[in-house]
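Enquirer: 3D model of this:
(chains A and B)
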Amino acid sequence: MERVPILKLGDVLLVSIQIDLEDEVALNLQADLAERIVDTGARGVLVDISGLEIVDSFIGRVFADIAATSKVLDAEAVVVGMRPAVAMTLVDLGLSLGGVRTALNVEKGLKILREDLGLRGVAELDMTPDRPGDT
Amino acid sequence: MTQGVEANSVVLLLRERRDDVVAAWAELVAARMQRRASEAEVRTEVGNLYDALVAALGDGRVLDSTAPGLDEVRAQLAELSRTRARVGYTPSETAVSVFALKEAVLAQLGEHPSPEAYADFIEVSRLIDDLGLVTFETYVSTREEVIANQTDELLELSTPVVKLWDGILAVPLVGTLDSARTQVVMERLLQTLLDTESDRAIIDITGVPAVDTQVAQHLLKTIVAARLMGADCIISGIRPQIAQTVVGLGIEFGDIVTKAKLSDALEIALSEVGLEVVPKRAAAAEA
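Expert: Residues are numbered from 1 along each chain as shown, chains lettered A, B, ... in the order given. Below is the predicted model of the structure:
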């Protein structure tokens, strides 16, 4: 059974889904993630779904559930990199992911967690390229 | 006259009395056209058509109107229908001028044609009817092509997604918003959001003539899809009457920001990305 890797970046857990999820893999991910949040005390979760091309109502619900679970464990979830086709499908299915925060890509997602939530771990990881003038 | 299954006496007659039939036909057509075309012109036109037809029926058999042998005739008819349509003839006028050939042929059969001649005539007459319909079909399909092209072009023309600033897109909607258009707008907006990494979009509905529940539904769908991708939308260009209809219909835009003018929406979007527009002098004084 394939498992989706969960990476720890400071206070943030990064889940990058690069395959089309089967129902069981998605459920495993949900369980693993909850466990990792508790283990690591993570404050934020980034779910990168830029590799995901197909969603159905079940997977859509799993995402909403992942976000809700994270919230209960006091970790903000941000779903990033949703493809246009996936977004349109979810809308047609009548799923709006119920208040899950979203961002266009991982970088913007990290920025949201860093700025809006003031996450310590993320702040230490400078993901932005060095700009001239910065010391 | 002996006649087997092969030779049709009327077809033979068409070949023998070409000039008479063409003259009669041309006269009928010219009369129908109320002299909008000169008789000489009509005569060449129907003459060519007649020759093509007779040549196609060379062996005396009456062909089916879809037979490959009649390709040349059909091509001529299509051309005739197109040129006539361009000059402003109705498709009926064109079709009727083809049907006039029957009258011209009937006149050539003499006062009291034999029953066999009648039977043959009916066979030819059926072919002529079909050919008349070819002109009609050409007319309709030409029209439909034009309409389809225009629809496509309208769709293309009326759904641009433009970049206003780094990270800010604008979608000026012009015309009625139906499901097909919404789909195009949505696809294009979402793709552009992704391509330009913009997380803000302004949907301007100044050019949308009316907003009903369906249009609002379409707008909301687009905005929800954009949100799922991580971009926020502002609706601008809401005219006073539209605001009233929206309220009257009980449409809820929820927490979506709506603005009366595009400029207001741009201002909000700019301030959200941490920019502001200041007069030149003030900026210079500050620096």
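
Enquirer: relative to A:Val106, how far out is B:Asn128?
Expert: Quick fix: residue B:128 reads Ile, not Asn. Distance check for B:Ile128 against A:Val106: by CB to CB, to the nearest Å, it reads 72 Å. Just so you know, the C-beta spots here come from the backbone N, C-alpha and C atoms, and that holds for glycine as well.

Enquirer: how about the strands in chain A?
Expert: A:6-9, A:12-16, A:44-48, A:76-80, A:101-103 (DSSP state E).

Enquirer: alpha carbons only: can I get stretch B:93-112 in PDB?
Expert: The C-alpha trace of stretch B:93-112 is given here as PDB (Å, rounded to 0.1, in the frame of the first residue of the first chain):
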ATOM      1  CA  GLU B  93     -36.900  32.300 -54.400                       C
ATOM      2  CA  THR B  94     -33.800  30.300 -55.300                       C
ATOM      3  CA  ALA B  95     -35.500  27.000 -54.800                       C
ATOM      4  CA  VAL B  96     -38.600  28.100 -56.800                       C
ATOM      5  CA  SER B  97     -36.400  29.100 -59.700                       C
ATOM      6  CA  VAL B  98     -35.100  25.500 -59.800                       C
ATOM      7  CA  PHE B  99     -38.600  24.100 -59.600                       C
ATOM      8  CA  ALA B 100     -39.500  26.300 -62.600                       C
ATOM      9  CA  LEU B 101     -37.600  23.800 -64.700                       C
ATOM     10  CA  LYS B 102     -40.500  21.400 -64.200                       C
ATOM     11  CA  GLU B 103     -42.900  23.800 -65.800                       C
ATOM     12  CA  ALA B 104     -40.600  24.400 -68.700                       C
ATOM     13  CA  VAL B 105     -40.300  20.700 -69.300                       C
ATOM     14  CA  LEU B 106     -44.000  20.100 -68.900                       C
ATOM     15  CA  ALA B 107     -44.700  22.600 -71.600                       C
ATOM     16  CA  GLN B 108     -42.400  20.700 -74.000                       C
ATOM     17  CA  LEU B 109     -44.400  17.500 -73.500                       C
ATOM     18  CA  GLY B 110     -47.200  18.900 -75.700                       C
ATOM     19  CA  GLU B 111     -51.000  19.100 -75.100                       C
ATOM     20  CA  HIS B 112     -51.700  15.500 -74.300                       C
END
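
Enquirer: report the buried residues of that stretch.
Expert: B:93-102, B:104-106, B:108-109 (16 or more other CB atoms under 10 Å in any protein chain shown).

Enquirer: make a markdown table out of the strands of chain A and add distance to B:Ala78.
Expert: What follows is the strands of chain A, written out as a markdown table (distance: least, CB to CB, whole Å):
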| stretch | distance to B:Ala78 |
| --- | --- |
| strand A:6-9 | 67 |
| strand A:12-16 | 59 |
| strand A:44-48 | 57 |
| strand A:76-80 | 57 |
| strand A:101-103 | 55 |
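
Enquirer: next, format those as a markdown table and append mean neighbour count and distance to B:Glu45.
Expert: Shown next, in a markdown table, are the strands of chain A (neighbours: other CB atoms under 10 Å in any protein chain shown; distance: least, CB to CB, whole Å):
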| stretch | mean neighbour count | distance to B:Glu45 |
| --- | --- | --- |
| strand A:6-9 | 16 | 79 |
| strand A:12-16 | 21 | 72 |
| strand A:44-48 | 25 | 70 |
| strand A:76-80 | 24 | 69 |
| strand A:101-103 | 23 | 67 |
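
Enquirer: okay if I get these as a markdown table plus mean pLDDT and distance to B:Asp255?
Expert: Shown next, in a markdown table, are the strands of chain A (pLDDT from 0 to 100; distance: least, CB to CB, whole Å):
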| stretch | mean pLDDT | distance to B:Asp255 |
| --- | --- | --- |
| strand A:6-9 | 90 | 30 |
| strand A:12-16 | 92 | 26 |
| strand A:44-48 | 92 | 23 |
| strand A:76-80 | 91 | 18 |
| strand A:101-103 | 90 | 14 |
